[in-house]
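Enquirer: with the sequence up front, the predicted model follows.
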Amino acid sequence: MSLSTILNIGVSGLMTAQNQLSIVSDNISNLNTPGYIRKKLDQNAVTVNGVGAGVTTGQVNLSTSTYLQSASLKANSASAQAQAYYDLLDQIQGQFGDISEEGNVFNLGDEIFTHFAKAAESPQSTASRQEIVTNIENFLDETTRIADQIQSIRKDADSRISSGVKSVNDLLKNISQLNGVISQAYVTGGDVCRRAMSMPTPPSIRSMSPARTAKSATLPTTSAVASLRA
């Protein structure tokens, strides 16, 4: 083994160690970054005629747990669904008001029956009949107002659904682009994370996720090491 070969082996080891340190630096600096996933750098041995001739770095992978990721997505989805139901029902409930208030729709309905009972005691009273008509008008006005507000809430919900569908479509489009980049990186042996993070993020994704962009470092390529001479 020549001196040049020994030097090349040493250089490849140093460059691989530098790349590993860059990955460790990224992981440490983004420890508290929301949404950041720890990266792991693969390394492969280089052999020439069955003899070890150094080491080279492979692609950068994300250390994720498929089970935990799936469980987290399901939990977040269920929580968001429950919150959406609560928000809508709370808005609708608010339209009926407090039952202790005088103008509450339920109290207005009770007043109609109360004045019907009073009118039955004095059917000739014009004032009693007028009070019944007034109470019925108040009750109908309040129910109409509530119905209009419920329709407004429904329209707002439909608008939010349409906006959500558009955001999902944007996300799916971006995922499709990322799949192409990742597939190409697997073939070429490139850095999956660096290639994926270099893609522009759609505005909808930036508005939905407050997470900071994970720090990335440019890694030197060990394949650039000079050819080994036997």
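Expert: Noted; the coordinates are in hand. Since this is a predicted model, take the numbers as computed values, not measurements.

Enquirer: doesn't Thr47 fall inside a strand?
Expert: Yes - with DSSP: H, G, I helix; E, B strand; the rest coil as the criterion, Thr47 is part of a strand.

Enquirer: burial check on it, number of neighbours?
Expert: 10 (other C-beta atoms under 10 Å). Every residue, glycine included, has its C-beta placed from N, CA and C.

Enquirer: offset the numbering so it begins at 12, please.
Expert: Done: numbering now begins at 12, and the last item shifts to Thr58.

Enquirer: beta partners of it?
Expert: Beta-bridge partners for Thr58, by DSSP bridges, are Gly63.

Enquirer: would you agree it is in contact with Thr67?
Expert: No - contact criterion C-beta atoms under 8 Å: Thr58 and Thr67 do not qualify, at 10.8 Å.

Enquirer: what about the helices in this protein?
Expert: 14-40, 77-107, 116-132, 137-199, 203-208, 214-219 (DSSP state H).

Enquirer: what is the rounded mean pLDDT of the third one?
Expert: Averaging pLDDT along helix 116-132 yields 87.

Enquirer: for the protein, what helix or strand is lowest in average pLDDT?
Expert: helix 214-219 (a mean of 44; mean pLDDT, DSSP states H and E).

Enquirer: domain-wise, how is this protein divided?
Expert: 12-75, 108-212 (the TED database).

Enquirer: measure Gly108 to Glu153 for me?
Expert: Computed as C-beta to C-beta, to the nearest Å, the Gly108 to Glu153 distance reads 9 Å.

Enquirer: correction: the previous question concerned Ser111.
Expert: Distance from Ser111 to Glu153, by C-beta to C-beta: 16 Å.

Enquirer: distance between the ends of stretch 67-81?
Expert: 33 Å (C-alpha to C-alpha, to the nearest Å).

Enquirer: what residues of that stretch count as buried?
Expert: Thr67, Thr68, Gln70, Val71 (16 or more other C-beta atoms under 10 Å).

Enquirer: in strands, which of the residues you listed fall?
Expert: Thr67, Thr68, Gln70, Val71 (DSSP state E).

Enquirer: which one of the domains of the chain lies nearest to Gln92?
Expert: Ranking the domains of the chain by proximity to Gln92 (C-beta to C-beta) places domain 108-212 first, at 11.6 Å.

Enquirer: where in the chain is pLDDT low?
Expert: Where the chain drops to pLDDT under 70, the residues are 12, 197-241.

Enquirer: can you rerun that using 50?
Expert: 203, 207, 212-241 (pLDDT under 50).

Enquirer: centroid-wise, who is the farthest residue in it?
Expert: Gln135 (67.9 Å; C-alpha atoms, centre = their mean).

Enquirer: coming back round to it: name the residues contacting each of Gly108 and Glu153.
Expert: Gly114, Val116 (C-beta atoms under 8 Å, 6 or more residues apart in numbering).

Enquirer: now do Gly175 against Ala95, distance only.
Expert: Gly175 is 10 Å from Ala95, by C-beta to C-beta.

Enquirer: please apply the same query to Val59.
Expert: 62 Å.

Enquirer: again, but for Phe127
Expert: 42 Å.

Enquirer: now swap in Asp53 and tell me
Expert: Distance from Asp53 to Ala95, by C-beta to C-beta: 42 Å.

Enquirer: more neighbours: the two, which one.
Expert: Under the neighbour definition other C-beta under 10 Å, Asp53 and Ala95 were set side by side, and Ala95 has more, 14 against 11.
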